[in-house]
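requesting a structural model of the entry that follows:
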Amino acid sequence: MLSITRVLIAAFAVSFWSSKLIAESGSFDILSWFEPQQQIALDLSDDGQSILWLKTADDGRQSLITQVIGQPSAKSYPLKLGESVAYAQFLSKDDVLVQLLDSEQHSSILLLNLTHQRAELLVVGGASLEILRSESDTESFWVWNRTKAKADRFDFFSRQLRHSQSLPKNTRSLSVSGDGNLCLATDEQDKLWQLSNQTWKPLLLPAPFSQNYSSLEANTDCQSLWFVSNAETNTSTLYSWTPGRDPAALYRHTQFDVDDFLINPDQSQVEGIYFDGLYPQQVAESLAFARLKQTLLHVDKHGRWKVIARSKKEHYWIIFVESPTEPGLWLWVDSQTNRVVKLHRRMPQLNRDTLFPTQAFTIPVKKAAPLTAYLTSTTSAGNKKRPLIIKLHGGPFAVRNQWRFLPEEQWLAQQGYQVLTLNYRGSSGFGKQSQRLVYQNILQTLNEDIEAAVDWLEAAKRIDSDRICLMGASFGGFAALSELIERDYDYLCGVLLSTPVNFGWIAEQVAQEQPALLPAFVEQFGDYMLPEWKQRHDLSQQLKSLEAPVLIIHGGADEVVQIKHAEALVKQLKQLKKSHQALIFDNEAHGIKQPESRNKMYQAIRQFLRQHLSKTQ
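Numbers count the residues shown, from 1 in each chain. Okay, here's the model as predicted:
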């Protein structure tokens, strides 16, 4: 049974339909966030009326499900225990092309008819098989065999592999054009190849783009390409290029990098462009996308939404929406009539009303652009100020925080803390000029940014400035420890996860394992051979002034930030008789991922914060 609610805003009507299958009941559980999603939308039929779902039971068994919009019943095809779906897409309203992997990594490509519960085996092979198909090609698909470096075209009419095409040596990625033909290949050296008259020919983007591009897509007949690059601009820009001509800029924002773009089903035009400013932004390049954007503005004004699938009829879409108070919501949208169907939620048992609000804002910094930050606030009785945790991301140059669901921030807010998630100078997404300004000086500017954030929040009377803790992972932990040393009496504690303590060791590791990246490392962080650089970037020798207790969490199998960093830090803290706790997980790598380890980690963090931050100092 479906319930209908109509919302009328400024003479713009949006119809919301939702299926009351699961009632919201519980508060947020941080461990549940990391569990595999039980149900995700995969595809939408050509007529826009049927949705293909992948459902995973508690025992790991998967099922493919088709559901017709407006009908409570669904058709299911259960898989065997140990089988998993590698690919699934509608061919017609009733037929689904599927690739399955079994427990021994054998691959089977099937044509499923869920209406009649019929499965037809088309191709068998190993785990190296991959399906390549254009949405507009209903007569064939390609089977890429990575082991044999070839692709075979499967013909639905004859039910046979009819044409075999060799591939460039060490092909890493492969794509088809809108008309269903093999089009582009990229090898392990990032060299680009184009198929012409059944022969692969090198395709070289004009300088300076040839070594600086991403998100490459081909048009319908593979005669033109779209790509993203910041080779000639401060911010990452979307370009269109026809070989033999100069690339033409389609969209550029002066402050923020283009993150992604969407092309229409027959690959004839760009429909939408995505980037992140203070909030997620979408730029419409087609009427269909503009109508979709207008409809979704009335669902969640600032939510980050992504197109999962769309029908050949331009106005039907499957959308995934996410925001700080929405872990994930799948929608079916008819952008022509503004009808929206709420299909399924990630963490469906979670009562969204128990989540804490997040505010996006900018923080002024002297002689620099304002910082982008997000503050997740807990409720408090009266005007009582709450202690603050400042979270610093790793990277530092390839990562930024965005307006998304922030699981750790919600978990910390549950415990009574306010959490500031800070994009310090050097964070990605704000153009290369903003990063170059902090090259070889990021520790200094990062300390300044943290202090500016604290001063701003204190002036706004948003925090208890006597109870602040720093929390960082990877480079964020290095920055947190540096700030704790620099301003030893301003913070009550620090939580350091997978943290390098001697950045000289990181430089030596890069020189040994990835020497081609060493010039970039020197450009960004400085000359690691200089004695003054080594002294500044070895925090283990600067701990005498550290006053705040620290919690050190590290994986013994970490190959990015090796365990010797944590060992050196703990050894020096013991010698100096500094307050600290250490939690080492022998079998964990860079980041704690195993459920049992993660549970122990969060228990340790909760206990540590309760001991050092919750009580009045």
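
surely Leu205 is in a helix?
No: read with DSSP: H, G, I helix; E, B strand; the rest coil, Leu205 is coil and lies in no helix.

grab the nearest non-local neighbour of it.
Tyr213 (6.2 Å; C-beta to C-beta, 6 or more residues apart in numbering). Bear in mind the C-beta positions are built from the backbone N, C-alpha and C, glycine included.

any buried residues in the helix or strand harbouring Gln281, and which?
Element membership of Gln281 [criterion: DSSP states H and E] is strand 280-284. Residues Pro280, Gln281, Gln282, Val283 are the ones in strand 280-284 that count as buried (16 or more other C-beta atoms under 10 Å).

do stretch 115-129 as well
Ala119, Leu122, Val123, Gly125, Leu129.

average pLDDT across that stretch?
For stretch 115-129, mean pLDDT is 90.

hey, where'd the helices end up in the protein?
Assigned by DSSP state H, the helices in the chain fall at 30-33, 287-297, 407-414, 432-436, 442-459, 475-486, 503-513, 518-525, 531-536, 563-575, 595-609.

quick one, the third one and helix 595-609 angle?
Translated: helix 407-414. Computed by axes from the mean of the first three to the mean of the last three C-alpha atoms, to 10 degrees, the angle separating helix 407-414 from helix 595-609 equals 40 degrees.

what lies in contact with helix 407-414?
If you take C-beta atoms under 8 Å, 6 or more residues apart in numbering as the criterion, helix 407-414 is touched by 27-28, 30, 33, 324, 327, 355-356, 358, 374, 376-378, 389, 391, 419, 421, 602, 609.

who does the closest residue to Met471 other than its chain neighbours form a beta bridge with?
Excluding the flanking residues, the one nearest Met471 by C-beta to C-beta, 6+ apart is Val495, at 4.1 Å. Per DSSP bridges, the residues bridged to Val495 are Met471, Leu551.

pull out the buried members of the contacts of helix 407-414.
28, 30, 33, 324, 327, 355-356, 358, 374, 376-378, 389, 391, 419, 421, 609.

who are the contact partners of Lys75?
Contacts of Lys75 (C-beta under 8 Å, 6+ apart): Ile65, Thr66, Gln67, Leu114, Thr115, Gln117.

farthest-apart pair in the residues you listed, please.
The most widely separated members of those are Gln67 and Gln117, with 15.7 Å between them, by C-beta to C-beta.

so, if you compare the buried residues of stretch 115-129, which one comes nearest to Lys385?
Nearest member of the buried residues of stretch 115-129 to Lys385, counting by C-beta to C-beta, is Leu129, at 58.7 Å.

pLDDT weak spots in the stretch 301-450 of the chain?
379-383 (pLDDT under 70).

please enumerate the strands of it.
Assigned by DSSP state E, counting those that start in this stretch, the strands in the stretch 301-450 of the chain fall at 304-310, 316-323, 326-334, 339-345, 358-365, 368-376, 388-392, 418-423.

from the contact counts, what lies against the third one?
Applying 3 or more C-beta pairs under 8 Å, 6 or more residues apart in numbering; DSSP states H and E, one finds that strand 326-334 makes contact with strand 39-44, helix 287-297, strand 316-323, strand 339-345.

just give me how far the third one sits from the chain centre.
Read it as strand 316-323. A distance of 15 Å separates the centroid of the chain from that of strand 316-323, by C-alpha atoms, centre = their mean, to the nearest Å.

partners of it, with directions?
strand 304-310 (antiparallel), strand 326-334 (antiparallel).

identify the residues contacting the shortest one?
Okay, so that is strand 304-310. With C-beta under 8 Å, 6+ apart, strand 304-310 has contacts from 41-44, 48, 262, 265, 272, 276, 280, 282, 292, 296, 316-323, 330, 402-404.

report the buried residues of it.
Neighbour-count burial for strand 304-310 [16+ other C-beta under 10 Å]: Arg304, Trp305, Val307, Ile308, Ala309, Arg310.

could you check how far the residue nearest to Lys385 when sequence neighbours are not counted is from Leu388?
Ranked by C-beta to C-beta, 6+ apart and with sequence neighbours excluded, the top spatial neighbour of Lys385 is Asp464, at 4.0 Å. The gap separating Asp464 from Leu388 is 7 Å, by C-beta to C-beta, to the nearest Å.

neighbour count: the two, which is higher?
Leu388 (26 against 17; other C-beta atoms under 10 Å).

hang on, that one packs against Leu422?
No: Leu388 is not in contact with Leu422 according to C-beta atoms under 8 Å; the separation is 11.2 Å.

that older thread, for the strands paired with strand 316-323, give me a markdown table that also has distance to Arg598.
Formatted as a markdown table, these follow (distance: least, C-beta to C-beta, whole Å):
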| stretch | distance to Arg598 |
| --- | --- |
| strand 304-310 | 25 |
| strand 326-334 | 17 |
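
go through those strands and name the closest to Ala86.
Of the strands paired with strand 316-323, nearest to Ala86 by C-beta to C-beta is strand 304-310, at 17.1 Å.

alpha carbons only: can I get that closest one in CSV?
As requested, the backbone C-alpha atoms of strand 304-310 are provided in CSV (Å, rounded to 0.1, in the frame of the first residue of the first chain):
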residue,chain,number,x,y,z
ARG,A,304,24.4,15.5,-2.7
TRP,A,305,22.7,13.5,-5.4
LYS,A,306,24.0,11.1,-8.0
VAL,A,307,22.3,9.6,-11.0
ILE,A,308,22.3,5.8,-10.7
ALA,A,309,20.4,5.1,-13.9
ARG,A,310,17.9,6.7,-16.3
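
so which bits of stretch 355-369 are buried?
Leu355, Phe356, Thr358, Ala360, Ile363, Val365.

what's the neighbour count on Asp527?
Asp527: 12 neighbours (other C-beta under 10 Å).

point out where this protein drops to low pLDDT.
Ranges of the chain meeting pLDDT under 70: 1-25, 379-383, 615-617.

the closest residue to Ser286 other than its chain neighbours: neighbour count?
Of all residues not flanking Ser286 in the chain, Glu271 sits nearest, at 4.3 Å (C-beta to C-beta, 6+ apart). Neighbourhood size, Glu271 [other C-beta under 10 Å]: 21.
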